[in-house]
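[1] please find the sequence and the predicted model below.
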Amino acid sequence: MILPSDIFLLREGLTATLRDALRACGVEDGPVSLERPKDPSHGDLAIPTAMGLAKRLKRPPLEIAKEILGHCRWDPTWVASAELAPPGFINLRLQPQVLQAVLGAALRKDRGYGHSLQAKGERVLLEFVSANPTGPLNVVSARAAALGDSIGNLLAAAGAEVTKEYYVNDAGVQARLFGESLLAAVSRVKGVPADAPEGGYQGAYMEDLAREYIDLFEGKGRTPPQDPGAWGMERVLGWHQASLKGYEVKFDRWFSERKELHESGAVASTIERLKKEGLTYEKEGALWFKVSEFGAPKDEVLVKSDGKPAYFTPDIAYHLDKYARGYDRILDILGPDHHGHIQRLKAAMTALHLPVEKLTVLVAQQVNLLEGGEKVKMSKREGKFVKMDDLLSEAGKDAARYFFVMRSANTHLDFDLEVARKHTDENPVFYVQYAHARIHSLLRKCAEKGLHPAKEDGDFGSLREPEALLLLKGILEYPEWVAESGKTYEPHRIVAFLQGLAADFHLFYSKHRILDADPPVARARLGLVLGVATVLRNALGLLGVSAPEQM
């Protein structure tokens, strides 16, 4: 008897059977797919093919499904039953031994379980966070960091080669304003009243930076930097790097706008290229880009009337550089104030004859931090914000990363600090971590009595209770959750999976004894919960969350 070792092999085999049935019905190119039923009582897998053929064949989908089912020759060692359901589904129930075989695969693969080769050979450039180095990272950046790192992990788990990149906005207007704000803060610290420029930066962190500046360049007699703003931004970038290290988010490259685009001449060459291709014109002393001809809502300024590049120009140069590096996919995660930027950026790539389908831009929406049921007001320029470091100190790294990926990136997120601090089932990350710790506590107790889990080639035939089958189905489906979450850039799907698997484990634990069971049954059940722990640990790891073995 040959059994599939994971969901992908299972789907491959079932799909081949379905295609043979369609050909027997005279349909050569019908839509073939297998879905997860919304209601588990409907079975393990659902086939919606008949609904996709109804319009084309001009027949009721239930009638088509009946004909297809009549030609299906399912492997009886794989499929226990197949039945019709309105409006035209074919619902499959798998044999318990299929699920049991997958448990063996999970135990054998251990930390590699859930990984696949779905994206093997693909090179992906993933840019995220990229906060201006004008102040400490805040909770909005913390959300982007959790999202980006989790998406990168999901893509890597599917076999892709992922480069994680941080774009350092250390040039332009904000750099000038930051330098002026720093010098004003230096004056204030020395007792001379001075206001930050309009649109500049304030807050206690500016005084901290000013004191460091005074200590280095006045107290220790070092030569002051020609560009105080660049010096200050490098110091703030160091804060960013330290904060992200504590958040366990690693970048492969830190890309400096000032050095790699302006000083390298990339911005100037981009402007010349656009001129040469006839994509520019002059108006009111400025140089404009005809980007509206390629899908943008309006034309954009490339070079302002003062001769300096506009904000959009280095971004075009940056993406030209990204494309030149030969990646198969380019993924940007931008902040909540960048919605209008997406359309014009894609229009610019179209104008430059680049395959825009390679570029995906996600927007990480606003975060509302709740404390005592009230929203915490934040403003970076006024110095009123919650730093990432403060959030980690209050909620911890695990809760922060988990909470920030609980919702889709394109939805606003309320982060409740009170819930994040709780060590109860009300805290969703605690609920999942407790399931993992509970399993390891059980394993330790059993080991003390000489009882150990069945190994990957052990006998799991006794695992037939409904609660055990639920857990086995969760283990079976996990690799597909990982692959689909990576394809759609949606780590919140993994959160939903984790909550469901943890709930199924707690239900199983409450209904079935292990220590007091007959030894063969006890070993099989221990193997099952060890498989669950493996999946919980691997899934949490994709989100950058730890899986403690005791709590």
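    Structure received.
[2] CA atoms for contacts and neighbours, from now on please.
    Fine.
[3] show the backbone phi and psi for D252.
    Main-chain torsions, D252, degrees, to the nearest 10: phi -80, psi -30.
[4] doesn't V162 make contact with it?
    No: when contacts are counted by Cα atoms under 8 Å, D252 is not listed as touching V162 (9.2 Å).
[5] care to break the chain down by domain?
    7-94, 123-170+244-363, 174-241, 424-542 (automatic domain parsing).
[6] how far out from the middle of the chain is the first one?
    Which is domain 7-94. 32 Å (Cα atoms, centre = their mean, to the nearest Å).
[7] do me a favour and get the end-to-end distance for it?
    12 Å (Cα to Cα, to the nearest Å).
[8] and for the second one?
    Distance between the two ends of domain 123-170+244-363: 22 Å, counting by Cα to Cα.
[9] show me the shaky parts of the stretch 351-500 of the chain.
    The model of the stretch 351-500 of the chain has pLDDT under 70 over residues 377-385.
[10] higher neighbour count, D252 and V162?
    Under the neighbour definition other Cα atoms under 10 Å, D252 and V162 were set side by side, and V162 has more, 20 against 11.
[11] measure the more buried one to R253 for me?
    Counting by Cα to Cα, the gap from V162 to R253 is 12 Å.
[12] now swap in A324 and tell me
    Relative to R253, and taking Cα to Cα, A324 is found at 16 Å.
[13] same check, this time on V432
    V432 is 33 Å from R253, where distance means Cα to Cα.
[14] using the three-state scheme, assign the nearest residue in space to W231 that is not next to it in sequence.
    Excluding its sequence neighbours, the residue lying closest to W231 (Cα to Cα, 6 or more residues apart in numbering) is P225, at 6.8 Å. The three-state label given to P225 by DSSP: H, G, I helix; E, B strand; the rest coil is coil.
[15] can you pull the pLDDT of P225?
    For P225, the pLDDT comes out at 91.
[16] same check, this time on E35
    For E35, pLDDT reads 88.
[17] just checking: what are the partner strands of the lowest-mean-pLDDT helix or strand in the chain?
    Lowest mean confidence among the helices and strands of the chain (mean pLDDT, DSSP states H and E): strand 374-375, at a mean of 80. Partners of strand 374-375 in the sheet, by DSSP bridges, are strand 367-371 (antiparallel).
[18] and the contacts of the strand it pairs with?
    Residues outside strand 367-371 that contact it (Cα atoms under 8 Å, 6 or more residues apart in numbering) are V139, V140, R143, K375, V376, H412, L413, D414, F415, D416, L417, E418.
[19] tally of neighbours for the third one?
    Meaning R143. Neighbours around R143, by other Cα under 10 Å: 25.
[20] same thing with the fifth one?
    Residues contacting V376 under the criterion other Cα under 10 Å number 13.
[21] for M206, see how far away it is.
    Taking Cα to Cα as the measure, V376 falls 21 Å from M206.
[22] cool, and the second one?
    In this structure, V140 and M206 are 20 Å apart, going by Cα to Cα.
[23] one step back: V432 and R253: which is more packed in?
    V432 (25 against 12).
[24] quick one, what contacts the more buried one?
    By Cα under 8 Å, 6+ apart, V432 lies in contact with L498, Q499, A502, L536.
[25] against A175, how distant is it?
    V432 is 44 Å from A175, where distance means Cα to Cα.
[26] and S305, what element?
    For S305, there is no helix or strand it lies in under DSSP states H and E.
[27] wait, it sits on E284?
    Yes: S305 is within contact range of E284, at 7.3 Å (criterion: Cα under 8 Å).
[28] and for the residue nearest to W231, the neighbour number?
    12.
[29] and if you look at the one 10 residues further on?
    When counting by other Cα under 10 Å, one arrives at 17 neighbours for R235.
[30] for Q499, same thing?
    Q499, neighbours per other Cα under 10 Å, totals 16.
[31] which secondary structure element contains it?
    Using DSSP H and E, Q499 falls in helix 492-511.
[32] show me what that helix is packed against.
    Judged by 3 or more Cα pairs under 8 Å, 6 or more residues apart in numbering; DSSP states H and E, helix 492-511 is in contact with helix 428-448, helix 466-488, helix 519-542.
[33] identify the residues contacting it?
    Helix 492-511 is contacted by residues 402, 405-408, 428, 431-432, 435, 467-468, 470-471, 474, 478, 481-482, 485, 529, 532, 536, 539-540 when judged by Cα under 8 Å, 6+ apart.
[34] that helix vs helix 428-448, what angle?
    40 degrees (axes from the mean of the first three to the mean of the last three Cα atoms, to 10 degrees).
[35] put the alpha carbons of helix 492-511 into PDB.
    Presented in PDB, the C-alpha positions along helix 492-511 are these (Å, rounded to 0.1, in the frame of the first residue of the first chain):
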ATOM      1  CA  HIS A 492      -2.400  36.100   9.200                       C
ATOM      2  CA  ARG A 493      -3.600  32.800   7.700                       C
ATOM      3  CA  ILE A 494      -0.900  31.100   9.800                       C
ATOM      4  CA  VAL A 495      -2.300  32.800  12.900                       C
ATOM      5  CA  ALA A 496      -5.800  31.400  12.000                       C
ATOM      6  CA  PHE A 497      -4.300  28.000  11.500                       C
ATOM      7  CA  LEU A 498      -2.400  28.100  14.800                       C
ATOM      8  CA  GLN A 499      -5.500  29.200  16.800                       C
ATOM      9  CA  GLY A 500      -7.500  26.300  15.300                       C
ATOM     10  CA  LEU A 501      -4.900  23.700  15.900                       C
ATOM     11  CA  ALA A 502      -4.300  24.800  19.400                       C
ATOM     12  CA  ALA A 503      -8.100  24.600  20.100                       C
ATOM     13  CA  ASP A 504      -8.200  21.100  18.600                       C
ATOM     14  CA  PHE A 505      -5.400  20.000  20.800                       C
ATOM     15  CA  HIS A 506      -6.900  21.400  24.000                       C
ATOM     16  CA  LEU A 507     -10.200  19.600  23.000                       C
ATOM     17  CA  PHE A 508      -8.300  16.300  22.400                       C
ATOM     18  CA  TYR A 509      -6.400  16.600  25.700                       C
ATOM     19  CA  SER A 510      -9.600  17.200  27.700                       C
ATOM     20  CA  LYS A 511     -11.300  14.100  26.300                       C
END
